[in-house]
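Asks: no FASTA, just this:
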DNA sequence: ACCTGAACACCGTTCAAGT
DNA sequence: ACCTGAACACCGTTCAAGT
């Protein structure tokens, strides 16, 4: 038995994927969930709060598989993490833009999920430094640099600002690899 | 004598800076420009086209000072270019998000301005490579890596996804410098 | 060529009311 | 506790008409 709240988030996510945030109208969300156009107000403060719930669920789903990993196995390295990040963002561009966009709502749920996701990357960077694959220095700051490249490359590519043709053509994954190659040298 | 068209773009830019794209209503744009709420339709195809004009003017203004530079002086180096990029984006976040967001309208004006701005960076990267400050390789691809860091760092910072406190704290400018330091080593 | 005023369809949000 | 239907204010866009 899936709750109305979950069905509302499902519907909002589907509409978001299809047509961006503008396509997420409360009327259509309600219709897809089988309720009236203002039933969402009984579960969320408004449209913004509904979208924040979508973003929070997305972050949680990204992080959960890594949390479940048994402690005996080390997690994936930072390069692999960024490859997954790029792959997810490319596949679900609207979710990517929403999740990493600015939330005017100061949702605790979102803040917690984001900081948790960041700590996974920092841990991977620390393992890379210990193995000599990454340069020394503050691991949080190096993680920020790595995330900035992945995030920026994806955002530029999604918006058509990466040269899409000719010798200069590089995919976000290529640019992430370029960075790690430079860091390893 | 400033044209109605320019006054409309001015008004739209002001509203954009104050409250983001949602605050740019054609009614308020018209009111600020001293015309009716649908006079903009005589100059632009619609709201989207008006916002594209704002973005195009912004790109043009960024690029113009560099084009006027006499050929005898070499342009600023890539690091300095990215510092200016970060400074502009931090000062006018709404313009940054609009200009580097996705334009559904395939505006030629925008595409030209964007590719022109990119070529300025590529030229700076080539000079850096010639001077031995940057590693060898395809300059377009290296320029894309550098732009990805600056763009990603600014976007993460604007959206509050860069750790704002503690030892991991790094500003977009810091991250740009980190990349250039790594590339120079 | 440029502009206006009325009108239409749509949306977020509120409210009174129902079970 | 959860939901509905009507209503309100607002917005993008279109249209007929004016100079």
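Replies: Noted; the coordinates are in hand. What you see is a predicted model, and the numbers here were worked out from it, not measured in a lab. Numbering: from 1, shown residues only, chains lettered A, B, ... in the order given.
Asks: CA only for contacts and neighbour counts going forward, please
Replies: Will do.
Asks: show me what contacts the residue in chain A positioned nearest to DNA strand D?
Replies: Nearest to DNA strand D in chain A, going by C-alpha to the nearest atom of the strand, is residue A:36, at a distance of 3.2 Å. Residues counted as contacts of residue A:36 (C-alpha atoms under 8 Å, 6 or more residues apart in numbering or on different chains) are A:27, A:30.
Asks: please read off the pLDDT at residue A:106 from the model.
Replies: We note a pLDDT of 61 for residue A:106 in this prediction.
Asks: and residue A:159, by the same measure?
Replies: Residue A:159 carries a pLDDT score of 89 in this model.
Asks: and stretch A:16-34 with chain B, contact?
Replies: No: judged by C-alpha under 8 Å from any C-alpha of the partner chain, stretch A:16-34 makes no contact with chain B; its nearest approach is 10.9 Å.
Asks: may I see the buried residues of that stretch?
Replies: By neighbour count on 16 or more other C-alpha atoms under 10 Å in any protein chain shown, the buried set for stretch A:16-34 is A:16, A:17, A:20, A:21, A:24, A:26, A:28, A:29, A:30, A:32, A:33.
Asks: hang on, the last one packs against residue A:3?
Replies: The reference is to residue A:33. No: Residue A:33 is beyond contact range of residue A:3, at 10.2 Å (criterion: C-alpha atoms under 8 Å).
Asks: which residues of chain A lie near DNA strand D?
Replies: Contact residues, chain A versus DNA strand D (C-alpha under 7 Å from any atom of the strand): A:4, A:34, A:35, A:36, A:37, A:38, A:39, A:40, A:42, A:43.
Asks: pull out the buried residues from the residues you listed.
Replies: A:4, A:35, A:37, A:39, A:40.
Asks: show me what the strand or helix carrying residue A:10 packs onto, helices and strands only.
Replies: Taking DSSP states H and E as the criterion, residue A:10 maps to helix A:4-19. Using 3 or more C-alpha pairs under 8 Å, 6 or more residues apart in numbering or on different chains; DSSP states H and E as the contact criterion, the elements in contact with helix A:4-19 are helix A:26-33, helix A:47-67, helix A:93-99.
Asks: recalculate using a threshold of 6 Å.
Replies: Judged by 3 or more C-alpha pairs under 6 Å, 6 or more residues apart in numbering or on different chains; DSSP states H and E, helix A:4-19 is in contact with helix A:26-33.
Asks: tilt between the helix it packs on and helix A:47-67?
Replies: For helix A:26-33 against helix A:47-67, the angle by axes from the mean of the first three to the mean of the last three C-alpha atoms, to 10 degrees is 50 degrees.
Asks: now helix A:26-33 and helix A:4-19, what's the angle there?
Replies: Using the same axes, to 10 degrees: helix A:26-33 against helix A:4-19 is 110 degrees.
Asks: buried sites along the helix or strand of chain A with the lowest mean pLDDT?
Replies: When the helices and strands of chain A are scored by mean pLDDT, DSSP states H and E, helix A:47-67 comes last with a mean of 84. Within helix A:47-67, the residues scored as buried using 16+ other C-alpha under 10 Å are A:47, A:49-60, A:62-63.
Asks: which two in these are spaced the farthest apart?
Replies: A:47 and A:63 (24.7 Å; C-alpha to C-alpha).
Asks: what helices and strands are in contact with the longest helix along chain A?
Replies: Longest helix in chain A, counting residues (DSSP state H): helix A:108-130. Contacts defined by 3+ C-alpha pairs under 6 Å, 6+ apart place helix A:108-130 against helix A:47-67, helix A:139-158.
Asks: mind listing what's buried in that helix?
Replies: The neighbour-count check on helix A:108-130 (16+ other C-alpha under 10 Å) flags A:110-111, A:113-114, A:117-118, A:120-129 as buried.
Asks: stretch A:91-108 too?
Replies: Using 16+ other C-alpha under 10 Å as the test for burial, stretch A:91-108 gives A:93, A:94, A:95, A:96, A:97, A:98, A:99, A:100, A:101, A:102, A:103.
Asks: which single one of the residues you listed is nearest to residue B:162?
Replies: Nearest to residue B:162 among those, with distances taken as C-alpha to C-alpha, is residue A:100, at 10.9 Å.
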